[in-house]
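1. Quick one: sequence and predicted model below, then my questions.
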Amino acid sequence: MQEVTRIFGALPAGTPKREEEYYINKDLVGKSVRLVRDVQQAIGMVAYTAPGLKERKDYLLEVANLVLGSGKASRLYRKLVDDLQIATSVSSFVYDLFDQSILFIEFHPKHEKDIDQI
């Protein structure tokens with residue numbers, strides 16, 4: 001430590017870096033895109049924004065992810081696949097980003113006409 005102090009101790013302290021604020025449009029709107037192709041099975045995906053890592057509440061989104069769509073015991077899987085039998089699989093995952101995080105829910109409907117119902 002003495003060696004570090006001897007070498008770098010004479011350097012003047014710099015000005016602290018100002019934390020930059022980035023604009024995030026809170027007025028998000030829903031957007032639906034439907035691609036029509038001859039496929040064997042349709043896929044649907046829904047995304048929700050949530051506070052990012054800087055809010056230090058990322059554990060809440062992880063809990064929601066685990067409860068809603070992680071595995072066959074999740075609530076969405078039991079409801080859509082087991083009970084209503086309108087989907088063949090349901091899963092969810094989270095993109096943890098600094099300013100905003102995103103919760104994605106992906107599902108495979110049995111019939112394409114069931115996408116709006118799901």
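-> Happy to help now that I have it. None of these values were measured; they are calculated from a predicted model.
2. low-confidence ranges in this structure?
-> By pLDDT under 70, the weakly predicted segments of the chain are 23, 27-29, 39.
3. residue ranges of the strands in it, please?
-> Applying DSSP state E to the chain gives strands spanning 44-51, 87-95, 100-109.
4. Tabulate those (a markdown table), appending distance to residue 8.
-> The C-beta positions use only the backbone N, C-alpha and C, and glycine is treated the same way. What follows is these, written out as a markdown table (distance: least, Cβ to Cβ, whole Å):
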| stretch | distance to residue 8 |
| --- | --- |
| strand 44-51 | 38 |
| strand 87-95 | 39 |
| strand 100-109 | 38 |
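5. could you dump those strands to TSV with mean neighbour count?
-> Output for the strands of the chain, formatted as TSV (neighbours: other Cβ atoms under 10 Å):
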stretch	mean neighbour count
strand 44-51	14
strand 87-95	17
strand 100-109	18
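6. ranges for the helices of the protein?
-> Assigned by DSSP state H, the chain shows helices spanning 2-8, 58-69, 75-77.
7. Go through those and name the closest to residue 96.
-> Nearest to residue 96, of all the helices of the chain, is helix 58-69, at 5.6 Å by Cβ to Cβ.
8. So which of the strands of the chain is nearest residue 66?
-> strand 87-95 (8.6 Å).
9. contacts for that closest one?
-> 41, 61-62, 65, 68-70, 74, 76-77, 80-81, 101-110, 114, 118 (Cβ atoms under 8 Å, 6 or more residues apart in numbering).
10. Give me the sheet partners of that strand and which way each runs.
-> Paired neighbours of strand 87-95 in the sheet (DSSP bridges): strand 100-109 (antiparallel).
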